[in-house]
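Chemist: sequence and predicted structure, then a few things I'm wondering about:
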Amino acid sequence: MKTLNLYNTDGRELQEFVPLQPGRVGLYCCGPTVYNYAHIGNLRSYTHWDILMRTLERFGYQVTHVMNITDVGHLTDDGDQGEDKMLKGARERGMTVWDIANFFTEAFDEDMRQLNIRRPTIVCKATEHIPDMLDMVETLTKKGFAYQAGGNVYFDSSRLSDYGRMALRERHSESENQQASRVKLDSNKRNPMDFVLWFTNSKFENQVMLWDSPWGRGYPGWHLECSAMSSRYLGEYIDIHTGGVDHIPVHHTNEIAQSEAAFGHRWVNYWLHNEFLIMKKDKMSKSDGGFLTLNRLLENGYHPLDYRYFLLGAHYRSQLVFSDESLDAAQSARKSLNGRIATFERRRAGGGNGKELPSTRNLSEKARARLSAFDEALCDDQNTPRALAELWQLVKDEDVSPAERLGAALNMDGVLGLGLADAVSEDTPSIDPGLTQLIERREIARERQDWPTADRIRDELAALGWRVVDTAEGPHLEKA
């Protein structure tokens, strides 16, 4: 197998990846809280963890990829303060919290599909794993790591000598510690760093999502679900855990604390974190109400894979500035790439070489060298900008035959996920990409029963000389 090097946040260094079991990888990714649409900053995370899963599989590993869906409310402030996110979303939209969770879970699934993000092996909902969470709280209580106060159950951070090691808490003064300044507001806590494992209904009024527990009817703290569900499906030892850099100081710090206290040993071997997507000098956040969604990009004429291409142009550990100009550049580059791939197919077919592309084993030395350089980029902590550059070097290399360039490019796309195979499909009609985007936007509108938008797009197509024909297999265009 290839030597894969990953930057481990727990240690702040590049490390060779060695799985717990030869040939197998347990991968846990923090999923969405489904109280609103995912913004494009959220989707950056899932795109790069999709690249990680594809890379691991490319190098021969059998991957069990687990992702949670937070469909039970947690607070708008990571430090156990603020308002319940699910209640907030339900009130703003005039829906029940259960309907809110289902609606935005489906919306998130659609975003994943459009970005060509493969579905994880296991997608688990928090509301379906309350017993697992209760078991963990009981274990922590029996081991002396939890205490009751003010109707809630808290984790006692003072019991762990290395609490906050991944967040490097020992290097910061109390005044610099963001979490400490927030949690001091809770007088029930013995220590500023303690956090809630289980809330009872005495914490907030009008709480809807409640479950029976040995400590009273209530609901779990946010950090608890990931520890309980990951161990349910991956066991007490996990190879890789991923998330955004915003998870490091609070959420992942507390996951580590409660898990290692419960299990009595080191829990995760490799922690990977992606950086923020930056918009107007600030990280993108759903809480400010001004975030961009994937659907908004589609409404502005972009293809979902334009955004995926844009993301691949930056390393996942680098902050990425979003702008219309940068997305325009990604759109143009992707169209150019698709055009070259389609040209290779026409030249290959015209040369009478048959339908079969050469296997990677039968490629020329020059083509294999391009694939090797591509793999080296992936081994360098998922260096997607370099991998993308290697793809472009390949398609521009006139010393490699069109058929070999096509075969090697499609092989690379097994990781990049840019849908290059669609550019060579003989069944795909030769339609301007702009028309295809209009059709996709119309389908999204129809799925949401947004009939005015669907009708408007149909009229736009008619004005361009095309008639939409809806069939059981999907819509297609005919000349009007």
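Modeler: Great, that's in hand. Numbering: from 1, shown residues only.

Chemist: contacts only, for Tyr309.
Modeler: 330-331, 333-334, 388, 418 (Cβ atoms under 8 Å, 6 or more residues apart in numbering). C-betas here are computed from N, CA, C, even on glycine.

Chemist: try it again at 7 Å.
Modeler: Contact analysis of Tyr309 by Cβ atoms under 7 Å, 6 or more residues apart in numbering lists 330, 333-334, 418.

Chemist: now, which of those residues lie within helices?
Modeler: Mapping the contacts of Tyr309 onto helices (DSSP state H) picks out 330, 333-334.

Chemist: closest one of these to Glu57?
Modeler: Arg334 (23.5 Å; Cβ to Cβ).

Chemist: quick check: next helix or strand after the helix or strand of the chain with the lowest mean pLDDT?
Modeler: Using mean pLDDT, DSSP states H and E, helix 178-183 stands out as the lowest-scoring helix or strand of the chain, at a mean of 46. Scanning forward in sequence from helix 178-183 by DSSP states H and E, the next helix or strand is strand 195-200.

Chemist: which residues sit against that following strand?
Modeler: 80, 137, 140, 146, 151-155, 213, 215-221, 223-224, 254.

Chemist: what helices or strands is the following helix or strand past it leaning on?
Modeler: As assigned by DSSP H and E, the chain's next helix or strand after strand 195-200 is strand 218-220. On a contact count with 3 or more Cβ pairs under 7 Å, 6 or more residues apart in numbering; DSSP states H and E, strand 218-220 meets strand 195-200.

Chemist: could I get the average pLDDT for whichever strand or helix holds Ser336?
Modeler: Take DSSP H and E as the rule and Ser336 turns out to sit in helix 324-350. The average of the pLDDT scores along helix 324-350 is 84.

Chemist: helices or strands up against it?
Modeler: Counting contacts by 3+ Cβ pairs under 7 Å, 6+ apart, helix 324-350 is packed against helix 304-312, helix 402-416.

Chemist: of all these, which lies closest to Asp186?
Modeler: Among those, the nearest to Asp186 by Cβ to Cβ is helix 304-312 (37.9 Å).

Chemist: relative orientation of that closest one and helix 402-416 in degrees?
Modeler: In terms of direction (axes from the mean of the first three to the mean of the last three Cα atoms, to 10 degrees), helix 304-312 departs from helix 402-416 by 80 degrees.

Chemist: any idea of the mean pLDDT for helix 304-312?
Modeler: What helix 304-312 shows for mean pLDDT is 97.

Chemist: then stretch 242-262?
Modeler: pLDDT averaged over stretch 242-262 gives 97.

Chemist: for the remainder of this discussion, apply numbering that starts at 7.
Modeler: In the new numbering, first residue 7, that becomes stretch 248-268.

Chemist: which outside residues touch that stretch?
Modeler: Outside stretch 248-268, the residues that touch it by Cβ under 7 Å, 6+ apart are 15, 35-36, 51, 55, 84-85, 142, 145-146, 149, 151, 161, 163, 165-166, 169-170, 172-173, 184-185, 201, 228-230, 232-233, 272-273, 277-282.

Chemist: re earlier: check which residues of the helix holding Ser342 are buried.
Modeler: Within helix 330-356, the residues that count as buried by 16 or more other Cβ atoms under 10 Å are 333, 336-337, 339-340, 343-344, 346-351, 354.

Chemist: I'd like those as JSON lines, with distance to Asn108 appended.
Modeler: As requested, those are exported to JSON lines (distance: Cβ to Cβ, whole Å):
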{"residue": "Leu333", "distance to Asn108": "31"}
{"residue": "Ala336", "distance to Asn108": "33"}
{"residue": "Gln337", "distance to Asn108": "33"}
{"residue": "Ala339", "distance to Asn108": "37"}
{"residue": "Arg340", "distance to Asn108": "33"}
{"residue": "Leu343", "distance to Asn108": "37"}
{"residue": "Asn344", "distance to Asn108": "36"}
{"residue": "Arg346", "distance to Asn108": "42"}
{"residue": "Ile347", "distance to Asn108": "39"}
{"residue": "Ala348", "distance to Asn108": "40"}
{"residue": "Thr349", "distance to Asn108": "45"}
{"residue": "Phe350", "distance to Asn108": "44"}
{"residue": "Glu351", "distance to Asn108": "42"}
{"residue": "Arg354", "distance to Asn108": "46"}
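
Chemist: show me the shaky parts of the stretch 307-456 of the chain.
Modeler: The stretch 307-456 of the chain contains residues with pLDDT under 70 at 352-362, 430-440, 442.

Chemist: please redo it, this time with the cut-off set to 90
Modeler: Low-confidence segments of the stretch 307-456 of the chain, defined by pLDDT under 90: 341-342, 345-346, 348-368, 404, 408, 428-456.

Chemist: for the stretch 157-306 of the chain, same thing?
Modeler: Within the stretch 157-306 of the chain, the stretches with pLDDT under 90 are 157, 174-193, 206-215, 228, 285-297.

Chemist: how deep is the residue nearest to Ser193 when sequence neighbours are not counted tucked in, by neighbour count?
Modeler: Leaving aside its sequence neighbours, Ser193 sits nearest to Gly156 (Cβ to Cβ, 6 or more residues apart in numbering; 7.8 Å). Counted by other Cβ atoms under 10 Å, the residues lying close to Gly156 total 13.

Chemist: and for Ile128?
Modeler: A count of neighbours around Ile128, defined by other Cβ under 10 Å, yields 16.

Chemist: enumerate every residue touching it.
Modeler: 72, 239.
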